[in-house]
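Visitor: Any chance you can model this:
(one chain, ligands or ions: 2)
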Amino acid sequence: MLLIGLTGSIATGKSTVSSLLSSPPYNLPIIDADLLARKVVEPGTAGYNAIVSYFGPTTPDLLLPSGPDMPENGPNGKGRPLNRPALGRRVFGDSPEVRKDRARLNSIVHPAVRKEMALAVLKAYVKGYRAVVLDVPLLFESQLDKYCGTVLVVGVKDPQIQMERLRARDPHLSAEDAENRVRSQGDVREKAERALERGEGRGVVVWNDGERKELEEQVREVFWKGVVERFSPNWWGWWLWMCPPAAVVSALWGYWANLGVDRRWREKKEAEKAKLVSFDSSRDQTRLFRDPSQTGSVASADSTDIGEPLYVTVPLTRERHEFLVKEVTSLWAGFAELNAVQANEAEAEAHGRKHQEYKAASKKEQDRQRKKADLFSTAAMVGTSTGRPHITVTMGQRTTGAK
Ligand SMILES: CC(C)(COP(=O)(O)OP(=O)(O)OC[C@H]1O[C@@H](n2cnc3c(N)ncnc32)[C@H](O)[C@@H]1O)[C@@H](O)C(=O)NCCC(=O)NCCS
Ligand SMILES: Nc1ncnc2c1ncn2[C@@H]1O[C@H](COP(=O)(O)OP(=O)(O)OP(=O)(O)O)[C@@H](O)[C@H]1O
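Guide: Ligands and ions are numbered 1, 2, ... in the order given. Predicted coordinates:
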């Protein structure tokens with residue numbers, strides 16, 4: 001049985017494709033990770049209890065409010081269901097705290113989802129299906145791609161279209177909530193690249209910027225005829241079903257091949273990062289923004305920005321991650337100095353100090369600030385999830401071991 005990993009980014013059309021694949025002429029069973037992720041956090045489950053005990057104390061609206069239709073202990077006495085938009089606000093976004101919370105939620109939900117998924121795949125195999133679709137938004141992030149015979153990425157190139165579709169489908173989301181959700185997922189272009197890296201027949205991409213009809217045609221021609229029928233014909237599916245040991249060998253072989261693909265992908269990304277060091281900053285003006293959608297104002301950083309992401313807009317013709325780590329570390333020291341000088345200027349003015357006195361105080365303060373800045377390193381990350389190339393820079397991550 002062929003495992004088809006269906007992924008993409010938020011509102012790029014995964015569900016639209018999965019509903020196509022579940023209907024004639026394909027008639028494939030769909031295992032939907034979002035649905036399973038809801039099932040494993042229903043009141044009374046271990047997932048629900050873990051979420052309530054971690055997020056409950058800091059999220060007053062974590063559960064649906066009680067009222068005439070909602071008893072205090074929930075409809076089945078096991079607790080009120082989760083208020084998903086409220087939990088979403090806690091975990092979708094870019095700041096370090098939100099990322100930490102998202103990682104925590106993922107660590108509660110994902111193992112339970114994987115278990116349910118394995119069970120569902122086994123059931124589909126026993127029922128004799130030739131292929132099954134795993135609809136998983138975070139297929140690569142949760143490493144499930146390694147188990148898939150083929151990966152289908154549904155992408156949208158234009159982020160504006162993606163945002164419009166998301167807001168039209170989920171009108172309850174504010175513009176900020178929608179933006180945060182888009183930003184919480186990896187760049188769909190990178191997912192597409194990663195799928196194609198798997199090689200012919202093992203990875204395929206359909207772009208869904210156009211009409212639904214175009215999407216349907218791509219699914220039929222590019223995916224079904226070009227991949228499934230060509231690389232996993234019907235007779236092969238029957239053979240695997242009739243001979244379970246062959247199915248096991250085929251699954252192990254596929255997993256092993258995917259490990260190789262994964263290793264090559266990592267090596268490629270490492271090599272790309274290594275190239276960044278040679279970037280010459282003098283040719284490019286580096287500007288820091290508080291928000292990737294801002295273009296006008298240059299943000300200033302001060303000590304309150306520790307741990308806050310800032311964005312640098314640069315052309316991504318040459319990726320330059322490591323260079324930026326160095327560059328922004330020195331920028332951070334520069335900002336610290338600037339703050340110190342400004343603070344001293346204000347102080348000197350207020351107290352009417354003489355110029356010499358001010359200079360001495362300023363120098364001392366600068367040294368102090370520089371030492372403080374030395375305690376921090378800065379992380380930079382390249383991304384295009386918002387559609388405009390940007391680099392997220394998290395200022396002032398404490399260096400491991402620094403005192
Ligand atoms: C935070 C929650 C409660 C918000 O629920 P809500 O009903 O508002 O959204 P829903 O579950 O329908 O998700 C909508 C889309 O958001 C994206 N998304 C969901 N969870 C995540 C996540 N942890 N990281 C990045 N994107 C995510 C997916 O594209 C998904 O299709 C929910 O998304 C959740 O429990 N997420 C953690 C589990 C998870 O990772 N699910 C994704 C598949 S395993
Ligand atoms: N080609 C298209 N033209 C117009 N609307 C589309 C097209 N494809 C999908 N849509 C609409 O866009 C919205 C998002 O699509 P869909 O729900 O399939 O995305 P998704 O990737 O499954 O999203 P999520 O990650 O949130 O589950 C839906 O309302 C869908 O009807």
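Visitor: Can I get stretch 213-228 as PDB, trimmed to CA atoms?
Guide: Extracted in PDB, the C-alpha atoms of stretch 213-228 (Å, rounded to 0.1, in the frame of the first residue of the first chain):
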ATOM      1  CA  LYS A 213     -10.400  23.500 -12.100                       C
ATOM      2  CA  GLU A 214      -6.600  24.000 -12.700                       C
ATOM      3  CA  LEU A 215      -6.000  22.300  -9.300                       C
ATOM      4  CA  GLU A 216      -8.100  19.300 -10.200                       C
ATOM      5  CA  GLU A 217      -6.300  19.000 -13.500                       C
ATOM      6  CA  GLN A 218      -2.900  19.100 -11.900                       C
ATOM      7  CA  VAL A 219      -4.000  16.500  -9.300                       C
ATOM      8  CA  ARG A 220      -5.200  14.200 -12.200                       C
ATOM      9  CA  GLU A 221      -2.300  14.700 -14.600                       C
ATOM     10  CA  VAL A 222       0.700  15.500 -12.500                       C
ATOM     11  CA  PHE A 223       0.000  13.500  -9.400                       C
ATOM     12  CA  TRP A 224      -2.300  10.600 -10.300                       C
ATOM     13  CA  LYS A 225      -1.200   9.800 -13.800                       C
ATOM     14  CA  GLY A 226       2.400  11.100 -13.500                       C
ATOM     15  CA  VAL A 227       3.200   9.500 -10.100                       C
ATOM     16  CA  VAL A 228       0.800   7.100  -8.600                       C
END
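Visitor: at contact distance from ligand 2, anything in that stretch?
Guide: Yes: with C-beta under 6 Å from any ligand atom as the criterion, ligand 2 is reached by stretch 213-228 at Leu215. Quick note: C-beta positions are derived from backbone N, CA and C, even for glycine.
Visitor: ok, and for that stretch, which residues are buried?
Guide: For stretch 213-228, burial by neighbour count (16 or more other C-beta atoms under 10 Å) applies to Leu215, Gln218, Val219, Phe223, Trp224, Val227, Val228.
Visitor: And for stretch 42-49?
Guide: Buried residues in stretch 42-49, counted by 16+ other C-beta under 10 Å: Pro43, Gly47, Tyr48, Asn49.
Visitor: Quick one: residues contacting the third one.
Guide: Taking C-beta atoms under 8 Å, 6 or more residues apart in numbering, we find Tyr48 in contact with Val41, Glu42, Lys78, Gly79, Leu82.
Visitor: on that earlier part again, what is the nearest of the buried residues of stretch 213-228 to ligand 2?
Guide: Taking C-beta to the nearest ligand atom as the measure, ligand 2 lies nearest Leu215 of the buried residues of stretch 213-228, at 4.9 Å.
Visitor: any idea how far ligand 2 is from the closest residue to that closest one other than its chain neighbours?
Guide: Spatial nearest neighbour of Leu215, chain neighbours left out: Asn208 (5.0 Å); criterion: C-beta to C-beta, 6 or more residues apart in numbering. Distance, Asn208 to ligand 2, using C-beta to the nearest ligand atom, to the nearest Å: 5 Å.
Visitor: Then Val132?
Guide: In terms of C-beta to the nearest ligand atom, Val132 sits 17 Å off from ligand 2.
Visitor: again, but for Asp32
Guide: Counting by C-beta to the nearest ligand atom - Asp32 and ligand 2 are separated by 9 Å.
Visitor: ok, and the closest non-adjacent residue to that residue?
Guide: Nearest non-adjacent residue to Asp32, counting by C-beta to C-beta, 6+ apart: Asp135, 4.7 Å away.
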